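Peer 1: Model the following, please.
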Amino acid sequence: MKRSRPQAATVAPVHRVQPSAQNAELALREAAPLMAPLARWLLRHGVSYTGFAEMLKPVFVEAARGELAQGPERATQSALSMLSGVHRKDVRAIEQAPPAPPRPPLASQVFTRWMTDPRYRDTDGKPRTLARSGAGRSFEGLCRELSNDVHPRTVLDELLRLGLVELNGENLVPLARGFVPAPRLDEMTAIFSANAADHLAAAVSNLTLEAPKFLEQSIYADGLTPESIEHLHRAACAAWADAFEAVVTQARERVDLDRKGDGEQRMRFGVYFYSVPAASATAPAATPAGAGAAARQPPRAPRAPRAPKPREPHSRSKP
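Peer 2: Numbers count the residues shown, from 1 in each chain. Predicted coordinates for the structure are as follows:
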C-alpha cells in the first residue's frame with residue numbers, strides 16, 4: 001500500500017533573548033575572557049587588532065542579516081547598519097564588492113617583498129642582507145615603501161619574534177625564504193576553526209534561544225598537583241576513546257539509514273581537556289574597592305552542572 005507523504009509539521013517560532021543594556025553589558029564582560037585565547041592565536045600568527053577588526057565588519061553584517069531574516073524587518077542597508085553597528089558606507093561596500101581576502105600583516109608584506117623583489121636579491125637570486133637604515137637598499141627604506149604608519153623598528157621586532165630574521169650588528173639577515181606554513185597547518189587550522197565555531201554555536205544557542213538545548217557541558221576542579229593533572233588527562237583521553245567509538249558507531253548507522261531519506265542536518269560531537277596554573281587564568285571582574293584579598297580556598301571537587309537534554313536524533317524517510 002502506497003503511503004502518502006506526511007504533512008509538514010508546523011515549526012514553532014524560536015524565541016530569543018531580548019536585547020537590553022543589562023544583557024549587552026553582561027555579554028561584553030564575558031566576551032573578554034572568551035576572546036583572550038583567540039587573540040593569542042591571532043598574534044602568534046602575525047595578525048594584529050587592526051586586521052582582525054577589519055575582518056569583523058562583514059562578519060557582523062552577515063550575522064545581522066541572519067538575525068533580520070528571522071523577523072518581519074527587511075535586511076536593508078540601514079537596518080543592517082543599525083543592528084550591526086557597522087557604518088552604512090561600509091555595509092554598502094560589503095554588499096557591492098565580492099569578499100576580498102584579508103590583507104596580510106605589514107610584517108608579512110615587508111618580508112615577502114624582501115624575498116621576491118629583484119631589487120632586494122643578489123645576482124644569484126638570493127635575498128640580500130639589508131642594512132637597518134641608510135641610503136640605498138635598506139630595511140627602513142623597504143618598510144617605508146609599504147607603510148608610513150608603522151615604524152620600521154616595530155616591523156623588525158615582529159620579524160625577530162617570528163624567527164624570520166636575525167640582527168648581525170646593523171645588518172639584517174633573512175633566516176627563511178618566506179611565510180611558509182608548517183606542514184598541515186592549513187588543514188589543522190581549518191579543523192580548529194570548525195570545532196571551536198560549533199562549540200561556541202551550541203553555547204550561544206543555549207544562552208540566547210528558547211529552544212531544545214544542545215549538550216554543552218564541562219567538568220572543573222582546582223587545587224590540583226601536576227601529577228593529578230596528568231592522571232586526569234589520561235582519564236579524559238580514555239573516556240574520549242570510549243565515547244568516540246560509541247558515537248561513531250551509531251553515527252555510521254544513522255548515516256546509512258538516512259541515506260535512504262532526505263536528511264539535511266549535520267552534527268559534531270567533541271571533547272576537550274585544558275589545564276593551566278590558577279594564577280595565570282583570566283582575571284575575574286574587578287574586585288570592589290576596599291575588598292580584601294580572598295584567602296586561598298582548599299581544593300574543590302570536580303563539578304558539572306546538570307546536562308541539558310540534547311536534541312533527539314531523527315531521520316526522515318521518503319514514501
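Peer 1: quick one: the one helix or strand A32 maps to to chain centroid distance?
Peer 2: Element membership for A32, per DSSP states H and E: helix 21-44. Distance of helix 21-44 from its chain centroid, counting by CA atoms, centre = their mean, to the nearest Å, is 11 Å.
Peer 1: who's Y220 bridged to?
Peer 2: According to DSSP bridges, the partner residues bridging Y220 are R303.
Peer 1: distance of it from Y274?
Peer 2: Distance of Y220 to Y274, given as CB to CB, to the nearest Å: 10 Å. Using the backbone N, CA and C atoms, a C-beta is placed for each residue, glycine as well.
Peer 1: And the contacts of the helix or strand following the helix holding A32?
Peer 2: Following helix 21-44 in sequence order, the next helix or strand is helix 49-68 (DSSP H and E). Identification of contacts with helix 49-68 by CB atoms under 8 Å, 6 or more residues apart in numbering yields 42, 74-75, 79-80, 83-86, 90-91, 94-95, 99, 102-103, 105.
Peer 1: and the gap between the residue nearest to H199 when sequence neighbours are not counted and L209?
Peer 2: Distance criterion CB to CB, 6 or more residues apart in numbering; nearest residue to H199, sequence neighbours excluded, is G270 at 6.8 Å. From G270 across to L209, the span is 21 Å (CB to CB).
Peer 1: cool, E245 as well?
Peer 2: 32 Å.
Peer 1: between these two, which one's more packed in?
Peer 2: Between E245 and L209, counted using other CB atoms under 10 Å, the more crowded position is L209 (14 against 10).
Peer 1: Beta-bridge partners for that one, please?
Peer 2: R16.
Peer 1: For it, give me the pLDDT.
Peer 2: Note on L209: pLDDT of 87.
Peer 1: Confirm for me that it is in contact with Q18.
Peer 2: No. The pair L209 / Q18 is not scored as a contact, 11.9 Å apart, by CB atoms under 8 Å.
Peer 1: can you tell me how far T154 sits from N168?
Peer 2: Taking CB to CB as the measure, T154 falls 20 Å from N168.
Peer 1: Check the secondary structure at the residue nearest to H199 for me.
Peer 2: Put simply, G270 is coil when judged by DSSP: H, G, I helix; E, B strand; the rest coil.
Peer 1: Could you pull up the residues touching it?
Peer 2: G270 sits next to 195, 198-199 when contact means CB under 8 Å, 6+ apart.
Peer 1: got TSV for those, with secondary structure too?
Peer 2: Formatted as TSV, the contacts of G270 follow (three-state DSSP):
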residue	secondary structure
N195	helix
D198	helix
H199	helix
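Peer 1: Using neighbour counts, give me the buried entries of those.
Peer 2: Among those, those buried by neighbour count (16 or more other CB atoms under 10 Å) are D198.
Peer 1: List just the nearest of the contacts of G270 to A238.
Peer 2: A238 lies nearest to N195 out of the contacts of G270, by CB to CB, at 20.3 Å.
Peer 1: which stretches of the stretch 51-200 of the chain form helices?
Peer 2: Using DSSP state H, counting those that start in this stretch, the helices found in the stretch 51-200 of the chain span residues 77-84, 88-96, 106-116, 139-146, 152-161, 185-208.
Peer 1: closest to V47 out of the ones you listed?
Peer 2: Closest to V47 of those, according to CB to CB: helix 106-116, at 9.5 Å.
Peer 1: What residues sit buried inside the closest one?
Peer 2: 106-111, 114-115.
Peer 1: any idea of the pLDDT on H233?
Peer 2: pLDDT, H233: 96.
Peer 1: Make sure it is indeed in a strand.
Peer 2: No. Note on H233: no strand contains this position according to three-state DSSP, which reports helix.
Peer 1: so what's the nearest residue to it once chain neighbours are set aside up against?
Peer 2: Nearest residue to H233, sequence neighbours excluded (CB to CB, 6+ apart): F273, at 5.6 Å. F273 sits next to 232-233, 236-237 when contact means CB under 8 Å, 6+ apart.
Peer 1: could you measure L209 against K89, distance?
Peer 2: Taking CB to CB, one finds L209 at 32 Å from K89.
Peer 1: ah, wrong one, I meant G169
Peer 2: As judged by CB to CB, G169 and K89 stand 49 Å apart.
Peer 1: what about V59, neighbour count?
Peer 2: So V59, with other CB under 10 Å, has 11 neighbours.
Peer 1: next one: the one 10 residues further on
Peer 2: Here the neighbour count serves as a burial measure; for A69 (other CB under 10 Å) it reads 10.
Peer 1: got the phi/psi numbers for the nearest residue to it once chain neighbours are set aside?
Peer 2: Counting by CB to CB, 6+ apart, A69 lies nearest to A75, which is 6.6 Å off, once chain neighbours are set aside. With angles defined as degrees, to the nearest 10, A75 sits at phi -90, psi 70.
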